[in-house]
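> Next one to model:
(one chain, ligands or ions: 1)
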Amino acid sequence: MQSSPFKSDILKGKVAFITGGGSGINFGVAKALASHGAAIAMMGRREEVLQEACNELAGLGVKTFFKSGDVRSPEACEAAIEAAVQNLGRIDILVNGAAGNFLCPPELLSSNGFKTVIDIDLNGTFNMCRYAYKHLKESKGLILNISATLHYVGTPFQSHVSAAKAGIDALTINLAAEWGPDGIRVCGIAPGPIGDTEGMRRLAPGEAGEKLKKAIPLGRFGATEDIGLAAVFLASSAANYITGETLVVDGGQWLAKPPMVPRELVEQMIAKPKKDA
Ligand code: HXC
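Next up, the predicted model:
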């Protein structure tokens, strides 16, 4: 990963449990937490993906554990959490990264399509928080919900995901207030367009991606390391007094609108600045 500004042992002794941790942004988060000392537990639907991700981490000397399962099933969440605690001893950081997405206009989306995304993203996040609670209370741990910026504005073809992520942000705030007295912090990260991920392949493939990139104020797609290092920051003691906050890591993408008048036209319209006397 890119060089980290943090010491490599700041998460030593901690255990992170990451849903959807076998690939994409979530594997980036797993690698970042692991490279700062954390042991890693993962849950996801595809056993071979989890196995491969854990093999890669184990090759770097990281303690790992995985259990396949679907976050839509409360029973699967509870079983995976208990198995991880049995294997790695504790849970300090729960990262809710499992998500589902596809582009679809709302007038063509079936009720089951809408429900499926709410079930994976929002209900799955709740299930994990619910069953990890007692372990996080014991460790005075952190919940980190992977959100998005889609719902800050109206994003075409994303009504289902926007509703789910808005719910997740509400859960982040609510659980932060409810579980703060138990010593649990609850934060979120809202990634923007992160290159070479399943999300980008689904939402902005090919030319659409190139167009999107041009509109990002910081001029590039994010990397999974950008999200990973944000997670390390929020998991570190530097963030001990931060809770209920969802950190946007998107290069400024969501807040930049196309200009009302194209730049070239504005340049023609405005008075040229006078040269220095
Ligand atoms: C319209 C669709 C659809 C599509 C599925 N459905 N794909 N509707 N357009 N492209 C509908 C189906 O018709 C069905 O409704 C219902 O959704 C459930 O579909 P299934 O295929 O049976 O569900 P399932 O196998 O559980 O798959 C879940 C999934 C799938 C979300 C639909 O795409 C998936 O597993 N994705 C996981 C990986 C993923 O999406 N990763 C990207 C996350 S990116 P009916 O009515 O027919 O029964 C991300 C980034 C967000 O989250 C932020 C970016 C900036």
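> need the helices for the stretch 1-150 of the chain, in chain order.
Listed in chain order, the helices found in the stretch 1-150 of the chain under DSSP state H, counting those that start in this stretch are 24-34, 47-59, 74-88, 111-117, 124-139.
> Just say which of those helices is most tucked in.
Among the helices of the stretch 1-150 of the chain, helix 24-34 has the highest mean neighbour count (mean count of other Cβ atoms under 10 Å), at a mean of 27. Using the backbone N, CA and C atoms, a C-beta is placed for each residue, glycine as well.
> touching the ligand at all, it?
No - applying Cβ under 6 Å from any ligand atom, one finds helix 24-34 separated from the ligand by no less than 7.3 Å.
> export that helix as PDB, just CAs?
Extracted in PDB, the C-alpha atoms of helix 24-34 (Å, rounded to 0.1, in the frame of the first residue of the first chain):
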ATOM      1  CA  GLY A  24     -12.700  -4.000  -3.400                       C
ATOM      2  CA  ILE A  25     -12.800  -1.100  -1.000                       C
ATOM      3  CA  ASN A  26     -13.300  -3.400   2.000                       C
ATOM      4  CA  PHE A  27     -10.200  -5.500   1.200                       C
ATOM      5  CA  GLY A  28      -8.400  -2.200   1.000                       C
ATOM      6  CA  VAL A  29      -9.600  -1.400   4.500                       C
ATOM      7  CA  ALA A  30      -8.600  -4.800   5.700                       C
ATOM      8  CA  LYS A  31      -5.100  -4.400   4.300                       C
ATOM      9  CA  ALA A  32      -4.700  -1.000   5.900                       C
ATOM     10  CA  LEU A  33      -5.900  -2.000   9.300                       C
ATOM     11  CA  ALA A  34      -3.700  -5.200   9.100                       C
END
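> which residues sit against that helix?
Here helix 24-34 makes contact (Cβ atoms under 8 Å, 6 or more residues apart in numbering) with 1, 4, 11, 14, 16, 18-21, 40, 42, 53, 57, 60, 62, 93, 95, 97-98, 144, 146, 191, 194, 197-199, 223-225, 227-229, 231-232, 235.
> can the helices of the stretch 1-150 of the chain go into TSV with extra columns for mean pLDDT and distance to Gly244?
Below are the helices of the stretch 1-150 of the chain laid out as TSV (pLDDT from 0 to 100; distance: least, Cβ to Cβ, whole Å):
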stretch	mean pLDDT	distance to Gly244
helix 24-34	98	20
helix 47-59	98	30
helix 74-88	98	23
helix 111-117	98	24
helix 124-139	98	14
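> Out of those, flag the one nearest Gly209.
helix 24-34 (15.1 Å; Cβ to Cβ).
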